[in-house]
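Novice: model the following, please.
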Amino acid sequence: MDMLWNGWGDPAKAAPLPGEVTGLLRDMLGVKPPRVSGAAELEDVSVPGTTAEPAALRALAEAAGGEEHVRTDAESRIRHTRGKSTPDLLRMRAGDVTDIPQAVVLPGSHDEVLAVLRACAAHRLAVVPFGGGTSVVGGLAPRRRDFVALDLRRMNALLELDPVSRTAVLQPGLRAPEAEALLAAEGFTLGHFPQSFEWATIGGFAAARSSGQASAGYGRFDDMVLGLTLATPRGTVETGRAPRSAAGPDLRQLILGSEGAFGVITSVTVRIRPLPERCHYEGWRFPSFEEGTAALRRLAQDGPRPTVLRLSDETETFIGLAQPDEIGAGPSGGDAGCLAITGYEGTAEDVAHRRERAAAVLEACGGTPAGTGPGERWAHGRYSAPYLRDALLDTGAFAETLETAAFWSRLPGLYAAVRGALTDTLTRAGTPPLVMCHISHVYENGASLYFTVVSAQGDDPVAHWEQAKHAANEAVLAAGGTISHHHGVGTDHRDWYVREAGPLAVDALRAVKHGLDPEGLLNPGILLPVD
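Specialist: Numbers count the residues shown, from 1 in each chain. Next up, the predicted model:
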């Protein structure tokens, strides 16, 4: 099944907002029904014919194993246009396909990927690797129009499982639910559950340096990766002979987060864990975001660390976004303050022991137990927010997210700076926003901040958001945060990433790209500026 071409996920799961929520948006933010314009159905989109030369298409078909693996029809190309950010969706809803690929190529093996890259180099076609299509930072919109989308869905196998070493080798086009099902059949789990879980792929997780909602217990995806195979226009790079090595710099870390700019990931060796015997989720209340943050820091630094650990600020808690299925209902039980969710996975004995010790820490930090209800509702609705975003767009609201991270000492200043930048910019644009935030990934030395912004769409919502995002990005760097914690760089963050990394580091990365991709065909303009 393919995702909605102009929205998120399974069309059968899309649902309109409740009437009371629509009224709340109208009263609080002045949201009005959107103007009907553009393309209501996929068939309404006007798509220019491919500009790829017949000789190039024949070469691609030969490389990918047959003509059936090269598609130039309008629907296939539309479904591989851009990602799933709110500006992406608004442009698609308006029928704007200026970033459409000239063809979609579906290789079935590492060797076929190499052959496709050679064919693209021979015919001067750029290449955009495409997994689940879930990028929200412009990672699928290169700065060239003569490109093909390299769809990896045929490469969707579990190649090897080593129960002794607890490792698995996965192909990049394997979607996360499929990977979990294959591992579960052998008694294991990867433990990687980002909000994009239902649609994102293993290769995409590695390419974007993803982080899942259970990262406090299982770690980020880059913590799980033990080895990678990379196909480049010049050949193959293989990394990961052992769990750790002192044999030079770790090339795995160079490939992780490279977003298709250095090559195409064709297999990933990951650490796996036994399926948990028990999963338990619960809620905690804190009087303020500051006090809740201090409690999360205590657990992250001194333990015991839950598998899931997240905290919504006062606004997100009040609106109910901490539990997307309860949106608009307000805080359960009528309590004010902030809602934290803790989750524990493992053996029954381990879960009980960590829960007891963590509860003592949370209570000592001013937390009040809220029972299992909030935790179970969060777990049930943990993948619902993108569907909620689509429903908000349908009502005339604008909804988008951004994320960052910093050391604990810088977190309060970063939180205030980004909230202020978003609020001030959108208010000046005539669309005052509701800005919500949560902490969902914690470390011994710091944490991430994940902001959700809702406002009226106004006359030009894409332009309004570009101004607000620019201001927020500036605030992130000024306050000592990183420009992205887990969404990646893409084109949206590229210019700020260059400033964060510094000119000498960027020159080194350019040298790596030139060595692996001398013609600059791989995802041009993504991650690094085009020369």
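Novice: for burial, what's the neighbour tally of the closest residue to Thr372 other than its chain neighbours?
Specialist: If the residues on either side of it in the chain are set aside, Thr372 comes closest to Glu282, at 4.9 Å by CB to CB, 6 or more residues apart in numbering. Using the backbone N, CA and C atoms, a C-beta is placed for each residue, glycine as well. The number of residues packed near Glu282 is 22, by other CB atoms under 10 Å.
Novice: state the helix or strand in which Leu25 lies.
Specialist: helix 19-29 (DSSP states H and E).
Novice: run the chain-centre distance for that helix.
Specialist: Mean-position distance between helix 19-29 and its chain equals 28 Å (CA atoms, centre = their mean, to the nearest Å).
Novice: please apply the same query to stretch 158-178.
Specialist: 21 Å.
Novice: what average pLDDT does that stretch get?
Specialist: Per-residue pLDDT values across stretch 158-178 average out to 98.
Novice: next, the buried residues of it.
Specialist: 158, 161, 167-176, 178 (16 or more other CB atoms under 10 Å).
Novice: give me the subset of the residues you listed lying in strands.
Specialist: Assignment to strands by DSSP state E places the following of the buried residues of stretch 158-178 there: 158, 161, 167-170.
Novice: which pair in those residues spans the largest distance?
Specialist: Leu158 and Thr167 (11.5 Å; CB to CB).
Novice: for the spatially closest residue to Ala370 that is not a sequence neighbour, give its distance to Glu376.
Specialist: Of all residues beyond its chain neighbours, the one nearest Ala370 is Gly283 (3.6 Å), with distances taken as CB to CB, 6+ apart. Distance, Gly283 to Glu376, using CB to CB, to the nearest Å: 9 Å.
Novice: quick one, helices of the stretch 1-150 of the chain?
Specialist: With DSSP state H, counting those that start in this stretch, the ranges of helices along the stretch 1-150 of the chain come out as 19-29, 54-64, 74-78, 86-93, 110-122.
Novice: make TSV out of these and add mean pLDDT and distance to Thr293.
Specialist: Below are those laid out as TSV (pLDDT from 0 to 100; distance: least, CB to CB, whole Å):
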stretch	mean pLDDT	distance to Thr293
helix 19-29	87	26
helix 54-64	98	50
helix 74-78	97	43
helix 86-93	95	27
helix 110-122	98	44
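Novice: output those as JSON lines; include the columns mean neighbour count.
Specialist: JSON lines is the format used below for those (neighbours: other CB atoms under 10 Å):
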{"stretch": "helix 19-29", "mean neighbour count": "16"}
{"stretch": "helix 54-64", "mean neighbour count": "18"}
{"stretch": "helix 74-78", "mean neighbour count": "19"}
{"stretch": "helix 86-93", "mean neighbour count": "21"}
{"stretch": "helix 110-122", "mean neighbour count": "21"}
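Novice: with distance to Ala429 as added columns, please give those helices in JSON lines.
Specialist: JSON lines is the format used below for the helices of the stretch 1-150 of the chain (distance: least, CB to CB, whole Å):
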{"stretch": "helix 19-29", "distance to Ala429": "13"}
{"stretch": "helix 54-64", "distance to Ala429": "44"}
{"stretch": "helix 74-78", "distance to Ala429": "30"}
{"stretch": "helix 86-93", "distance to Ala429": "15"}
{"stretch": "helix 110-122", "distance to Ala429": "41"}
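Novice: do me a favour and get the end-to-end distance for stretch 72-86?
Specialist: 26 Å (CA to CA, to the nearest Å).
Novice: ok, now stretch 256-269?
Specialist: Stretch 256-269 end-to-end distance (CA to CA) = 12 Å.
Novice: cool, and stretch 379-397?
Specialist: Distance across stretch 379-397, first residue to last, is 26 Å (CA to CA).
Novice: check the offset of that stretch from the chain's centre.
Specialist: On CA atoms, centre = their mean, the centre of stretch 379-397 falls 15 Å from the chain's centre.
Novice: quick one: average pLDDT of that stretch?
Specialist: Here the average pLDDT along stretch 379-397 is 92.
Novice: buried residues in that stretch?
Specialist: In stretch 379-397, counting by 16+ other CB under 10 Å, buried: 379, 381-397.
Novice: what backbone torsions are found at Thr229?
Specialist: Per-residue torsions, Thr229: phi -120, psi 130 (degrees, to the nearest 10).
Novice: from what I can see it touches Gly235, true?
Specialist: No: counting by CB atoms under 8 Å, Thr229 stays clear of Gly235, with 11.3 Å between them.
Novice: those two: which has the busier surroundings?
Specialist: Counted by other CB under 10 Å, Thr229 and Gly235 do not tie: Thr229 has more neighbours, with 22 against 12.
Novice: ok, now which ones touch the closest residue to Ser440 other than its chain neighbours?
Specialist: Spatial nearest neighbour of Ser440, excluding adjacent residues (CB to CB, 6+ apart): Arg310 at 4.3 Å. Contacts for Arg310 (CB atoms under 8 Å, 6 or more residues apart in numbering) come out as 213, 340-341, 438-440.
Novice: what of Ala103?
Specialist: Counting by CB under 8 Å, 6+ apart, the residues that Ala103 touches are 50, 52, 57, 60, 70-72, 77, 148-149.
Novice: just the ones of those in strands?
Specialist: 70-71, 148-149.
Novice: just give me the closest of those to Met224.
Specialist: Nearest to Met224 among those, with distances taken as CB to CB, is Ala149, at 26.6 Å.
Novice: can you tell me how far the nearest residue to Thr423 once chain neighbours are set aside is from Gly65?
Specialist: Leaving out its chain neighbours, the residue that sits closest to Thr423 by CB to CB, 6+ apart is Val435, at 5.7 Å. According to CB to CB, Val435 and Gly65 sit 49 Å apart.
Novice: who's more crowded, these two?
Specialist: Val435 (22 against 18).
Novice: low-confidence stretches in this protein?
Specialist: 36-39, 322-335 (pLDDT under 70).
Novice: one more time with 80
Specialist: Residues of the chain that meet the criterion pLDDT under 80 lie in 1, 35-40, 321-336, 531.
Novice: ok, Asp459 - how many residues close by?
Specialist: Counted with other CB under 10 Å, residues neighbouring Asp459 total 11.
Novice: do the one 5 residues further on as well
Specialist: The local packing count at His464 equals 22, with neighbours defined by other CB under 10 Å.
Novice: apart from its chain neighbours, what residue comes closest to it?
Specialist: Excluding its sequence neighbours, the residue lying closest to His464 (CB to CB, 6+ apart) is Ala429, at 4.5 Å.
Novice: could I get the contacting residues of the one you found?
Specialist: 458, 464, 467-468.
Novice: how does it look with 10 Å?
Specialist: The contact partners of Ala429, by CB atoms under 10 Å, 6 or more residues apart in numbering, come to 455-456, 458-461, 463-465, 467-468.
Novice: so Glu356 touches Pro306, yeah?
Specialist: No: if you go by CB atoms under 10 Å, Glu356 and Pro306 don't touch, sitting 11.9 Å apart.
Novice: all set now, cheers.
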